[in-house]
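*Asks:* here is a sequence with its predicted model. Questions after.
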Amino acid sequence: LDNEVTPYLNTRGIRIRGMIGKRLGFFTYLSENQVVHPSYVRNYIQENRAVPGQGYYKRFKENGQDYFSVTGYISFDVVPKYINLQFGHDKFFIGNGHRSLILSDASSKYLFLKLNTKIWKFNYTNLFTEMRADAFGFANNPLARDDFPRKYMTFHHLSLNIGKKFNLGFFESIVFGEPDSLGNVSYELSYLNPVIFYRAIEHQNGSLDNAILGADFKWLPFPGTMLYGQLVFDEFLLREIRAGNNWWANKYAYQLGIKKTDLLLNNLDLQLETNWIRPYTYGHISIFTNYAHYRQPLAHPMGANLRELTGILRYQPLPRLNLRAQLTLTKYGADTLGSNWGNDVMQSYLDREQDYDNVMYQGVETDLTYINAVASYQVMHYLFLDAGIVLRKTENELGDADSQKLINVALRWNIGMMNMDF
């Protein structure tokens with residue numbers, strides 16, 4: 001029970017997977033959903049006019065949403081064992097952590113073409129996507145329209161296995177699609193080049209697009225232990241960093257984490273992770289170039305201007321029973337009404353509050369505590385019975401506080417577990 005409203009999720013659908021010959025595969029998933037979310041998610045939907053992780057939705061009864069969730073793609077081995085091509089509608093997660101600061105699955109699904117190449121110790125991924133800009137827009141939106149106009153993102157990631165225990169990767173992405181004077185959005189064909197540096201093309205085209213680059217790693221120093229991390233650069237100038245004056249465009253983020261399996265007991269796993277994101281990271285000039293899709297961030301679901309610590313315990317005491325407990329502590333600077341202190345990645349950085357002295361948690365400093373414990377029992381193949389509890393509390397420097405406790409049960413058949421941890 002949540003403020004006299006009982007949250008629930010009713011999902012039905014179909015999942016099909018198959019092969020045609022030895023080189024062509026396909027996958028289809030379609031579900032129809034009616035959901036009444038907890039109050040903190042309802043507040044998010046009201047403020048952002050988007051359902052977390054979903055696209056178009058309709059109102060359901062007084063407090064709920066009704067939407068379809070659709071995934072479908074074909075997969076073709078162009079050169080078996082070396083080159084694979086996928087085309088369809090889905091979303092992706094890059095990294096080894098609980099969060100991804102490079103590309104996460106927190107937003108809605110999108111149209112994509114994915115090319116994956118494996119040669120020797122190299123793995124190279126190209127991703128070409130069509131996404132959707134904010135239909136509601138901001139003051140600098142050059143179009144007066146009610147639909148979700150197109151925008152585009154291209155992405156490539158190259159990883160290298162160094163020995164048997166270390167993997168190092170580099171990535172670069174570009175978000176573009178600024179309309180012309182007539183409101184037409186065209187695709188920049190030069191970004192179709194799968195082996196060129198996007199930043200060079202973006203610079204040649206006048207630096208109107210949003211280029212993001214960085215690196216990630218995975219290291220196995222001991223059996224059962226993994227260290228991992230990500231480093232993201234949106235924009236920065238070395239001279240401004242050296243000056244130490246917190247220039248607004250020194251936008252970067254990092255992640256560090258560790259996973260340990262069989263900690264003290266067999267099948268007891270521990271994961272610890274920290275994420276740190278400077279103000280205004282992922283934001284850009286307009287709704288067509290920010291690092292967002294369908295009014296939702298493409299990286300961390302809470303945007304930027306934040307620091308997060310997460311601990312997750314997983315335990316399998318019985319072959320069919322899985323226990324999971326999560327604690328997340330987040331400190332962030334919320335944007336006040338009509339202001340832009342760097343938390344909301346969908347706001348234009350042209351509307352920033354100041355050029356210098358931009359510090360972490362500026363705006364309204366807020367602390368979020370999120371606890372989630374769940375037990376999942378596999379009744380039969382792909383049929384699960386879940387029971388769990390969620391505790392969520394926010395407090396800010398203005399003295400405002402909100403606390404919620406949710407107890408939930410679920411019966412899932414061929415459906416993943418929902419986890420709204422933000």
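*Replies:* Structure's in. What do you need?

*Asks:* what's the per-residue pLDDT of T6 here?
*Replies:* Per-residue confidence for T6 comes out at a pLDDT of 87.

*Asks:* shouldn't it be in contact with P38?
*Replies:* No. When contacts are counted by C-beta atoms under 8 Å, T6 is not listed as touching P38 (10.2 Å). All C-beta spots, glycine's among them, are computed from the backbone N, C-alpha and C.

*Asks:* between the two, which one's more packed in?
*Replies:* P38 (19 against 8; other C-beta atoms under 10 Å).

*Asks:* so what's the more buried one up against?
*Replies:* D2, P7, V390, R392, Q404, L406, M420 (C-beta atoms under 8 Å, 6 or more residues apart in numbering).

*Asks:* which of these sits closest to T129?
*Replies:* The shortest separation between T129 and any of the contacts of P38 is 24.2 Å, and it belongs to M420 (by C-beta to C-beta).

*Asks:* quick one, grab the pLDDT at the closest one.
*Replies:* The predicted structure lists M420 with a pLDDT of 87.

*Asks:* need phi/psi at it.
*Replies:* When read as degrees, to the nearest 10, the backbone of M420 gives phi -100, psi 70.

*Asks:* against L368, how distant is it?
*Replies:* Relative to L368, M420 is positioned 13 Å away (criterion: C-beta to C-beta, to the nearest Å).

*Asks:* ditto for A200
*Replies:* Note on A200: its distance to L368, by C-beta to C-beta, is 39 Å.

*Asks:* then stretch 59-79 to CSV, C-alphas only?
*Replies:* C-alpha atoms of stretch 59-79 as CSV (Å, rounded to 0.1, in the frame of the first residue of the first chain):
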residue,chain,number,x,y,z
ARG,A,59,-3.1,6.9,-19.0
PHE,A,60,-4.6,3.9,-17.2
LYS,A,61,-7.4,4.6,-14.8
GLU,A,62,-6.5,7.3,-12.3
ASN,A,63,-2.9,6.6,-11.3
GLY,A,64,-1.6,4.2,-13.9
GLN,A,65,0.0,3.8,-17.3
ASP,A,66,-0.7,1.5,-20.2
TYR,A,67,2.0,0.7,-22.8
PHE,A,68,3.4,-1.8,-25.2
SER,A,69,7.0,-3.1,-24.8
VAL,A,70,8.4,-4.4,-28.1
THR,A,71,11.8,-5.9,-29.0
GLY,A,72,12.6,-7.5,-32.3
TYR,A,73,15.8,-8.0,-34.3
ILE,A,74,17.5,-10.3,-36.8
SER,A,75,21.1,-11.5,-36.4
PHE,A,76,23.2,-12.6,-39.3
ASP,A,77,26.8,-14.0,-39.2
VAL,A,78,28.4,-12.2,-42.1
VAL,A,79,31.6,-14.0,-41.5
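
*Asks:* who does Q86 form a beta bridge with?
*Replies:* With beta bridges defined as DSSP bridges, Q86 has these partners: S75, K114.

*Asks:* counting neighbours, what do you get for it?
*Replies:* Counted with other C-beta under 10 Å, the burial measure for Q86 works out to 17 neighbours.

*Asks:* what sits against it?
*Replies:* Q86 makes contact with Y73, I74, S75, F76, F112, L113, K114, N116 under the criterion C-beta under 8 Å, 6+ apart.

*Asks:* filter those residues down to the buried ones, ChimeraX style.
*Replies:* Buried members of the contacts of Q86, defined by 16 or more other C-beta atoms under 10 Å, are picked up in ChimeraX with:
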select :73,75,112,113,114,116
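
*Asks:* before we move on, the earlier item: buried ones among the contacts of P38?
*Replies:* With burial judged by 16+ other C-beta under 10 Å, the buried subset of the contacts of P38 is D2, P7, V390, R392, L406, M420.

*Asks:* ok, the last one touching S39?
*Replies:* In this case it means M420. No. Using C-beta under 8 Å, M420 makes no contact with S39, being 11.5 Å away.

*Asks:* per-residue pLDDT of the residue most central in space within the chain, please?
*Replies:* What sits nearest the mean C-alpha location of the chain, by C-alpha atoms, centre = their mean, is S104, with 2.9 Å. You'll see S104 listed with a pLDDT of 96.

*Asks:* now it: how far from Y282?
*Replies:* Computed with C-beta to C-beta, the distance linking S104 and Y282 is 11 Å.

*Asks:* pull up the overlap in contacts between those two.
*Replies:* Common neighbours of S104 and Y282 (criterion: C-beta under 8 Å, 6+ apart): P297, L298, A299.

*Asks:* other SSEs contacting the top helix by length along the chain?
*Replies:* Among the elements of type helix in the chain, defined by DSSP state H, the one spanning the most residues is helix 39-48. Helices and strands touching helix 39-48, by 3 or more C-beta pairs under 8 Å, 6 or more residues apart in numbering; DSSP states H and E, are strand 401-413.

*Asks:* do that again at 6 Å, thanks
*Replies:* Helices and strands touching helix 39-48, as assessed by 3 or more C-beta pairs under 6 Å, 6 or more residues apart in numbering; DSSP states H and E, are absent.

*Asks:* which residues outside the helix or strand following that helix are in contact with it?
*Replies:* The C-terminal neighbour of helix 39-48 among helices and strands, as given by DSSP states H and E, is strand 58-60. Contact with strand 58-60 is made by Q34, D66, as judged by C-beta atoms under 6 Å, 6 or more residues apart in numbering.

*Asks:* pairing partners for strand 58-60, with directions?
*Replies:* Strand 58-60 has these partner strands in its sheet, going by DSSP bridges: strand 64-79 (antiparallel).

*Asks:* would you mark the buried spots in the strand it pairs with?
*Replies:* Buried residues in strand 64-79, counted by 16+ other C-beta under 10 Å: G64, Q65, Y67, S69, Y73, S75.

*Asks:* do the same with stretch 299-318
*Replies:* Under the neighbour-count criterion of 16+ other C-beta under 10 Å, stretch 299-318 has 299-306, 308, 310, 312, 314-316 buried.

*Asks:* closest one of those to F128?
*Replies:* Looking across those and measuring by C-beta to C-beta, the closest to F128 is A299, at 18.6 Å.

*Asks:* so in that sheet, which strands flank the strand or helix carrying I258, and in what orientation?
*Replies:* Here I258 is covered by strand 251-260, with elements defined by DSSP H and E. In the sheet containing strand 251-260, its partner strands are strand 225-235 (antiparallel), strand 268-277 (antiparallel), by DSSP bridges.
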